[in-house]
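>>> sequence and predicted structure are below.
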Amino acid sequence: MSTFELLGMGFQNAFALSALLTIVIGLMLGVIAGALPGVSFVNAMAMALPFTYSMMPTQAMLFLGAIYVGGVFGGSISAIIINVPGTPASLPACWDGYPMTQRGEVRRALAVAIAASAIGGLTSALVLSFAAAPFATFALRFSQPEFFAATVLGLISVIAISKDRPIVSLLSLFLGMVIGTVGVDPIYGVARFTFGVPAMQSGINFVVVMIGLFAISEVIDLIATNRDLRPSKGVNVQSKVTLRDFWDVRGAIFRGSAIGSILGVIPGAGATPGAVIAYGIEKQVSPDGDKFGTGIMAGLAAPEAAKNATTGSAMVPLLTLGIPGSAATAIMLAAMMLHGVNPGPLLFLNDPTMVYTIFAAMILANILMIFAGIGVAQFFSTLMKTPPAVLGAFIILLSIIGAYGVRNNIFDVYVCIFFGFVGWGMKRIGFPTAPLVLGVILGPLAERYFMTSLANYNQDWTVFFTRPISGTILALAAVFALWSLWPVLRARYRSVVLLLADRPGR
Amino acid sequence: MSPLRTETGGAKHRAPHMGRLLQTVLSRIALPSGILALTLILPSYMFHRPLRIRARGLGPDAWPTIFLNAIAVIAVLWIITELWGVFAEQKRKRTAFVPEQTEVYSYRKAAGGMALLLGFAWLLPNVGFAISAALFIFCWCLLGGIRNSGILLAVSVIGMITLLWVFMGLALMPLNRGVGVFDDFSVWFLRLLRIY
């Protein structure tokens, strides 16, 4: 049977009432969980796992897949409306989505985000359907040095995010990476920077840091400025959503979808580096790149498309090799194993019906996500009519519950509040917080890949450069860094030349 | 780099005296200097107990040390950049010292908010989520300018019950019940709400 015939059969199964209902319920749960800061769709998937015991294996995969698709988008709803990313991957949505909300363009921002996410996800689902095997063959060549190189590429994108302030951004990133080292180290099992506090041995969780830096600090600012979150009462022509808006960001959506689809295949890369890299590249190529961070639609569309474009492609190594590339796909792997399904190349031969039903369901889920996203966003928008003080109190409580829920540990609540104060201070002095969060998220990954690479390759650090794929990725990272820094270096050089030329006696 | 920026100034600021210049320099290098000091202090606190591992190759201190050193280098670069910035502004006679932020900002309210958060963090394990959440919502709304006692009570009680239902009832999260008499109260209240 050809791919089209298999996909047709998959659609037939996915359009069955029970399957359709499973997808819709999963999507709604995912979008809501993703939109709630700290709850996260991964937690929702983990909580949903026991409910899949009574389902058929295919239905269980559809349910978890729908939560995954909805959850990856859902984080952007809270990022756009209240400047609190529901998931780490939604961080870039705060940078240009929230400024649009502040201008009263919340409908426009949400419409662009939903459309970009749906198109990105759809692209990725098509990639999953038609290019699964070749993509998996490429990812099979990856070892620890390649994973390290991919993580470095993600970290380098920080320079692109804040190219006008590279020194401070790098400082913030490295501070985040040091915070990421708190706790027991991944190789030797030695506790670092715990200061004798037992609770610190399990490390500083990045979700807790993120909630503190973004949610708590934002709410403190909210009460100090007495800001009104409601859109201005006057008729805002710009807030109307037109087809032109989507046409204007077609390039950003295309680039984001391509980046996300490629990065999603790489295990460990996932939605967060995908979204951040897409944002960095879009900042470079967009004519409005220097205005990014002030509410530019391309800056919202590209990462939105990229992060959802990782959902389908992240399932490529899972289904063809049984390698989960992220926490979400690890839960899906667990579900498959619970149901006695062994993912791998043989799955395509033994049960193509299941494989192509999953593919069809992923395509369907990304289309239905538009309606689920609109539904949840409508409900979320009513929050903006609430007095800021009431909204602030509930954001803090939800954030603290989210922080507590990560490990059911009161220590995480204290850490969250501490980083809330730190984030407030950083905001007041103009110190970027986003690189710090990226450092906390990607730092531990980079360390593990770096140390295991050296351990596996006889402490030979040249392995990162001599292995073809790793070397290529690192070269790309270097080019990307230079490309991002070039305008700053040129401007600095000119200012120094002008200053020296201004000296008396010359 | 600094929160305080210099702009093209008026005539009265054209010749800053040394005190003003020193103040400018200190305000600009204070943060990077603090970070630099931190990178010098932190390595001695990396391990709580003496390290007894004979690592082949890089040890457990390698990764944090790399980044602490990187932070130190960047902090020095930042200090140099700030000093260079002050020097450049002196050359261009751009000395008007104005804060970047022009919005009305109540630091008193921000401090009040932080105090409330600290209070909540202290209350949570002692009196439990139900009472601490209701108190927190009440106080936060009061700080935010809501004065209608009916609204304050309704928002606090209904909000707290909703949160309890969603997280303890539906999501089965073991939120804190407090200690002693507060634990008894929490159990009674959760039974009243049919959560337990």
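Perfect, thanks for sending it. Numbers count the residues shown, from 1 in each chain, chains lettered A, B, ... in the order given.
>>> domain map for chain B?
B:4-99, B:107-192 (automatic domain parsing).
>>> just those: most buried one?
With neighbours taken as mean count of other CB atoms under 10 Å in any protein chain shown, the domains of chain B reach their highest mean count in domain B:107-192, at a mean of 17. Bear in mind the C-beta positions are built from the backbone N, C-alpha and C, glycine included.
>>> quick one: terminal-to-terminal distance for that one?
41 Å (CA to CA, to the nearest Å).
>>> next one: that domain to chain centre, how far?
What separates the centre of domain B:107-192 from the centre of its chain is 21 Å, taken as CA atoms, centre = their mean, to the nearest Å.
>>> same check on stretch A:59-72?
Using CA atoms, centre = their mean, the offset of stretch A:59-72 from its chain centre is 16 Å.
>>> what about it and chain B, any contact?
No. Residues of stretch A:59-72 are not located near chain B by CB under 8 Å from any CB of the partner chain, the shortest gap being 14.5 Å.
>>> ok, the most centrally placed residue in chain B to A:G402 distance?
Nearest residue to the geometric centre of chain B (CA atoms, centre = their mean): B:M114, 8.6 Å. Going from B:M114 to A:G402 by CB to CB, to the nearest Å gives 19 Å.
>>> ok, which stretches of the chain are strands?
Using chain A. Counting by DSSP state E, one finds strands in chain A at the ranges A:183-184, A:191-192.
>>> should've been chain B
Along chain B, the segments classed as strands by DSSP E run B:4-7, B:96-99.
>>> distance check, the closest residue to A:Y53 other than its chain neighbours against A:T357.
Leaving aside its sequence neighbours, A:Y53 sits nearest to A:L338 (CB to CB, 6 or more residues apart in numbering or on different chains; 7.1 Å). In this view, A:L338 and A:T357 are 18 Å apart by CB to CB.
>>> same question, A:T87
26 Å.
>>> please say which of those two ends up with more neighbours.
A:T87 (31 against 25; other CB atoms under 10 Å in any protein chain shown).
>>> hmm, the more buried one is touching A:A271, no?
Yes. Contact criterion CB atoms under 8 Å: A:T87 and A:A271 qualify, at 7.4 Å.
>>> now list whatever residues contact both of those two.
A:V72 (CB atoms under 8 Å, 6 or more residues apart in numbering or on different chains).
>>> still on that earlier bit, which one of the strands of chain A is the most hemmed in?
Sorting the strands of chain A by mean neighbours (by mean count of other CB under 10 Å), the first place falls to strand A:191-192, with a mean of 23.
>>> do that one and chain B meet at all?
Yes. Applying CB under 8 Å from any CB, one finds strand A:191-192 touching chain B at A:A191, A:R192.
>>> given that strand, what are its sheet partners and their directions?
Strand pairing for strand A:191-192, using DSSP bridges, gives strand A:183-184 (antiparallel).
>>> tell me the mean pLDDT for the strand it pairs with?
Per-residue pLDDT over strand A:183-184 has a mean of 91.
>>> one more: stretch A:478-486?
Rounded mean pLDDT across stretch A:478-486 is 80.
>>> which residues are in contact with A:G289?
Counting by CB under 8 Å, 6+ apart, A:G289 makes contact with A:E282, A:K283.
>>> chain B versus that one, what's the distance?
Going from A:G289 to chain B by CB to the nearest CB, to the nearest Å gives 21 Å.
>>> what residues sit buried inside stretch A:353-362?
Of the residues in stretch A:353-362, A:M354, A:V355, A:Y356, A:T357, A:I358, A:F359, A:A360, A:A361, A:M362 count as buried by neighbour count, 16 or more other CB atoms under 10 Å in any protein chain shown.
>>> residues in contact with that stretch?
Contacts of stretch A:353-362 (CB under 8 Å, 6+ apart): A:6-7, A:9-11, A:13-14, A:19, A:23, A:57-58, A:61-62, A:65-66, A:69, A:121, A:124-125, A:128-129, A:311-312, A:315, A:319, A:341, A:347-348.
>>> just stretch B:158-172 next, same as before
Contacts of stretch B:158-172 (CB under 8 Å, 6+ apart): A:47, A:390, A:393-394, A:397-398, A:401, A:405, B:129-130, B:133-134, B:137, B:173-175, B:190, B:193-195.
>>> please save the CA atoms from it in PDB.
Provided in PDB are the C-alpha atoms of stretch B:158-172 (Å, rounded to 0.1, in the frame of the first residue of the first chain):
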ATOM      1  CA  ILE B 158     -15.100  31.800  46.700                       C
ATOM      2  CA  GLY B 159     -11.600  32.000  45.200                       C
ATOM      3  CA  MET B 160     -10.100  29.900  47.900                       C
ATOM      4  CA  ILE B 161     -12.900  27.300  47.600                       C
ATOM      5  CA  THR B 162     -12.600  27.200  43.800                       C
ATOM      6  CA  LEU B 163      -8.800  26.600  44.100                       C
ATOM      7  CA  LEU B 164      -9.300  23.900  46.700                       C
ATOM      8  CA  TRP B 165     -11.900  22.100  44.500                       C
ATOM      9  CA  VAL B 166      -9.800  22.300  41.300                       C
ATOM     10  CA  PHE B 167      -6.400  21.400  42.800                       C
ATOM     11  CA  MET B 168      -7.300  19.200  45.800                       C
ATOM     12  CA  GLY B 169     -10.600  17.800  44.600                       C
ATOM     13  CA  LEU B 170     -10.000  17.300  40.900                       C
ATOM     14  CA  ALA B 171      -6.200  17.200  40.400                       C
ATOM     15  CA  LEU B 172      -5.700  15.400  43.800                       C
END
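>>> from A:S217, how far off is the residue in chain A that chain B sits nearest to?
Nearest to chain B, among the residues of chain A, is A:A389, at 2.2 Å (CB to the nearest CB). For A:A389, the distance to A:S217 equals 17 Å [CB to CB].
>>> ok, now A:G471?
40 Å.
>>> show me which of those two is the more surrounded one.
A direct count of neighbours by other CB under 10 Å for A:G471 and A:S217 places A:S217 higher, at 23 against 17.
>>> contact partners for the more buried one?
So A:S217 contacts A:G420, A:F421, A:V422, A:G423, A:W424, A:M426, A:K427, A:T433 (CB under 8 Å, 6+ apart).
>>> so for stretch A:300-307, what's the average pLDDT?
Here the average pLDDT along stretch A:300-307 is 91.
>>> now what about it, what contacts it?
Contacts of stretch A:300-307 (CB under 8 Å, 6+ apart): A:72-73, A:76, A:80, A:89-90, A:92-93, A:96-97, A:100, A:109, A:112-113, A:115-117, A:119-120, A:123, A:249, A:252-257, A:259-260, A:263, A:271-272, A:274-279, A:281-282.
>>> from those, which land in helices?
Among the contacts of stretch A:300-307, DSSP state H puts A:72-73, A:76, A:80, A:92-93, A:96-97, A:100, A:109, A:112-113, A:115-117, A:119-120, A:123, A:252-257, A:259-260, A:263, A:271-272, A:274-279, A:281-282 in helices.
>>> now intersect the contacts of stretch B:158-172 with the helices, please.
Those of these lying in helices (DSSP H): A:47, A:390, A:393-394, A:397-398, A:401, A:405, B:129-130, B:133-134, B:137, B:190.
>>> what about the residue lying closest to A:F480 once chain neighbours are set aside, distance to A:A111?
Among residues not flanking A:F480 along the chain, A:I156 sits closest, at 5.6 Å (CB to CB, 6+ apart). For A:I156, the distance to A:A111 (CB to CB) stands at 32 Å.
>>> now the helices for the stretch 201-350 of chain A?
A:206-210, A:217-225, A:243-248, A:250-265, A:271-285, A:297-313, A:315-321, A:327-338, A:345-350 (DSSP state H, counting those that start in this stretch).
>>> so which of those helices is the most surrounded?
Greatest burial across the helices of the stretch 201-350 of chain A, using mean count of other CB under 10 Å, falls to helix A:297-313, with a mean of 34.
>>> so that one versus helix A:250-265, what angle?
Orientation check (axes from the mean of the first three to the mean of the last three CA atoms, to 10 degrees): helix A:297-313 against helix A:250-265 gives 30 degrees.
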